[in-house]
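Engineer: my questions concern the predicted model and sequence given below.
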Amino acid sequence: MYAVLKHIHMLTLAISFLLFFIRGVLMMRNAAAASHRAFLIVPHINNLLLIGSGISLAVFLHLSPGTQPWILVKLIALAVYIGLGIATFKHPKMAYRKAFWLLALIVFAFIVSVAVTKNPLGFFQ
């Protein structure tokens, strides 16, 4: 069961990254495809599966943010990532949208580094 949950989590993570990255590139090119219905629906479904598999993994492994600081850091960074993602596609000025997109990608990489190292400092260690 663990292997299945982990693979679902990693697959949905990769899909989430690709969708955000591609939509960001399309946004910067002012392509109409950035507002395509698929980019507005599919990420929500995928991210629901991503978060659900993450919660399932934590429950399965008896991990909690209170006892595992790296999980708490991931959750806080996830909230920051979501905020930056919203700002990326909602802010009226393109220069800010680009900056938010880049910052969101950095936070995404940080979240992955925390998960891989199981260290709250992630790539800052």
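Structural biologist: Structure's in. What do you need?
Engineer: longest helix in this structure, please.
Structural biologist: helix 2-28 (DSSP state H).
Engineer: helices or strands next to that one in the packing?
Structural biologist: Using 3 or more C-beta pairs under 8 Å, 6 or more residues apart in numbering; DSSP states H and E, the elements in contact with helix 2-28 are helix 37-60, helix 69-90, helix 94-117. C-beta: built from backbone N, CA, C; applies to glycine.
Engineer: could you tell me the angle between the first one and helix 69-90?
Structural biologist: If I follow you right, that is helix 37-60. Following axes from the mean of the first three to the mean of the last three C-alpha atoms, to 10 degrees, one obtains 170 degrees for the angle between helix 37-60 and helix 69-90.
Engineer: and the most centrally placed residue in the chain, what pLDDT?
Structural biologist: Most central in the chain under C-alpha atoms, centre = their mean is F108, positioned 5.4 Å from the mean C-alpha point. Each residue has a pLDDT score; the one for F108 is 97.
Engineer: my read: it touches F20, true?
Structural biologist: Yes - the criterion here is C-beta atoms under 8 Å, and F108 meets it with F20 at 7.5 Å.
Engineer: find the nearest non-adjacent residue to I15, please.
Structural biologist: N46 (5.0 Å; C-beta to C-beta, 6 or more residues apart in numbering).
Engineer: one more: T117?
Structural biologist: Q125 (6.7 Å).
Engineer: measure how buried that neighbour is and give me the count.
Structural biologist: The number of residues packed near Q125 is 9, by other C-beta atoms under 10 Å.
Engineer: is it correct that it is in contact with N119?
Structural biologist: Yes - at 5.3 Å, Q125 counts as touching N119 under the criterion of C-beta under 8 Å.
Engineer: quick check: phi and psi at K93.
Structural biologist: phi -100, psi 130 (degrees, to the nearest 10).
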